[in-house]
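Peer 1: Predicted model and sequence follow; I will ask about them next.
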Amino acid sequence: MSESVLKSLSGPVVLLGCGKMGSAMLEGWLKLGLPADKAAVLDPNLTAESASALAAKGVLVNPAHAVIAAPSVLLLAVKPQVAPEALPAVAALVKPGTLVVSVMAGRTMAFMGNIFGADAAIVRSIPNTPAAIGRGVSVAVPSPGVTQAQKDITAALLGAIGIVEWVDDEALMDAATAVSGSGPAYAFLLAEVMAQAGAAAGLPADLSARIARATVAGAGALMDQSDLSAATLRQNVTSPGGTTAAALAVLMDEGRGFPPLMVEAVAAATRRGKELAG
Ligand SMILES: NC(=O)C1=CN([C@@H]2O[C@H](COP(=O)(O)OP(=O)(O)OC[C@H]3O[C@@H](n4cnc5c(N)ncnc54)[C@H](OP(=O)(O)O)[C@@H]3O)[C@@H](O)[C@H]2O)C=CC1
Ligand SMILES: O=C(O)[C@@H]1CCC=N1
């Protein structure tokens, strides 16, 4: 389904901003069958190396706007901070029937509607970096002008990099950003601090880093393949009166453990999303 949707788009997919997120998505679309000549990248800061690698695949790199036929999709993957300058510069590319998909944290439908028109078909979404290996999580909300066919196109574009969860209420997007958008960083941090703690407990630092990293990755893979809840998987590690129980008494402390700390962290990320809203 996703494959046929991407192969049968009438106009190109124009990617504004080809950094970490944009390039991971573009790679996913090309793998899933988006014809390279149906992809155009607008990013004045691309390295010469990236530009020529994309051009060699047949992707249009920084074409003049006049040569871009009515896009099926304009995908916004610039940083929210550059949006006030970068989005108006591409507003004229949006034609009747063009779907605008944003992956920018914070930036609201209202902000984008002011630039692309109040009736524009816009999807605000938030992916995450496991997109680079096709294991991303995206949360998306459509504006009222988005048709079912455009939802299918969005599902294909975001589905090319992982799973997609739709929500109806834009107010949920900042909290979703705080959980799944930023979330991979929390898991990587876990590997980092476990490595540091292992070294503090006497392990050689390189050994500690290797086993911490492989443990976080292995736990993620186990959770992925298991039908059991995260809580049950945790309990399966925890022998009564054993070592894990001793550690979890610290980590699950209701005053200073993970639960209150994560609530505080997600609240801070949610607040930052609102600050970036514009
Ligand atoms: N990284 C992540 O985990 C996630 C990011 N996002 C969102 O994705 C968006 C991109 O983030 P990320 O990929 O990390 O950021 P990057 O900085 O890696 O990518 C943004 C790209 O846009 C380029 N750029 C800057 N100005 C313009 C312009 N005027 N026109 C076109 N391109 C421009 C940047 O160049 P230069 O670097 O030289 O400025 C860069 O190549 C952000 O809005 C972010 O909120 C969403 C979910 C997860
Ligand atoms: O840190 C950020 O603002 C972006 C959005 C979610 C992940 N990275």
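Peer 2: Received, thanks. Ligands and ions are numbered 1, 2, ... in the order given.
Peer 1: What ranges does the chain have for its helices?
Peer 2: 2-7, 20-31, 48-57, 83-86, 109-116, 148-159, 173-176, 183-200, 205-225, 230-237, 243-251, 258-275 (DSSP state H).
Peer 1: Lowest mean pLDDT across the ones you listed, which one is that?
Peer 2: Of all the helices of the chain, mean pLDDT reaches its minimum on helix 2-7 (a mean of 84).
Peer 1: how about the helices of the chain in TSV, adding distance to ligand 2 and mean neighbour count?
Peer 2: Placement of C-beta: from N, CA and C, glycine included. Below are the helices of the chain laid out as TSV (distance: least, C-beta to the nearest ligand atom, whole Å; neighbours: other C-beta atoms under 10 Å):
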stretch	distance to ligand 2	mean neighbour count
helix 2-7	23	17
helix 20-31	8	20
helix 48-57	20	14
helix 83-86	12	16
helix 109-116	15	18
helix 148-159	15	21
helix 173-176	10	22
helix 183-200	7	15
helix 205-225	18	14
helix 230-237	21	12
helix 243-251	24	12
helix 258-275	7	14
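Peer 1: Make TSV out of these and add distance to residue 138.
Peer 2: Converted to TSV, these look like this (distance: least, C-beta to C-beta, whole Å):
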stretch	distance to residue 138
helix 2-7	13
helix 20-31	10
helix 48-57	22
helix 83-86	19
helix 109-116	16
helix 148-159	4
helix 173-176	9
helix 183-200	12
helix 205-225	17
helix 230-237	21
helix 243-251	29
helix 258-275	15
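Peer 1: Show residues contacting stretch 249-258.
Peer 2: Applying C-beta atoms under 8 Å, 6 or more residues apart in numbering, the external contacts of stretch 249-258 come out as 259-260.
Peer 1: could you dump it to CSV, C-alpha only?
Peer 2: Provided in CSV are the C-alpha atoms of stretch 249-258 (Å, rounded to 0.1, in the frame of the first residue of the first chain):
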residue,chain,number,x,y,z
ALA,A,249,14.8,0.3,45.2
VAL,A,250,17.0,3.3,44.2
LEU,A,251,15.8,3.8,40.6
MET,A,252,12.1,3.4,41.5
ASP,A,253,12.2,5.6,44.6
GLU,A,254,9.1,7.8,44.4
GLY,A,255,11.0,10.8,45.8
ARG,A,256,14.2,10.8,43.8
GLY,A,257,14.1,7.8,41.4
PHE,A,258,13.2,7.6,37.7
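Peer 1: Next one: residue 224 from residue 244, what distance?
Peer 2: Distance of residue 224 to residue 244, given as C-beta to C-beta, to the nearest Å: 21 Å.
Peer 1: swap in residue 231?
Peer 2: 13 Å.
Peer 1: What count of nearby residues applies to residue 77?
Peer 2: 23 (other C-beta atoms under 10 Å).
Peer 1: mind listing what the nearest residue to it once chain neighbours are set aside touches?
Peer 2: Spatial nearest neighbour of residue 77, chain neighbours left out: residue 22 (3.6 Å); criterion: C-beta to C-beta, 6 or more residues apart in numbering. Residues near residue 22 by C-beta under 8 Å, 6+ apart: 15-16, 41, 43, 75, 77, 103.
Peer 1: how long is stretch 98-109 from one end to the other?
Peer 2: Using C-alpha to C-alpha, to the nearest Å, the end-to-end distance of stretch 98-109 comes to 16 Å.
Peer 1: So which bits of that stretch are buried?
Peer 2: 98-109 (16 or more other C-beta atoms under 10 Å).
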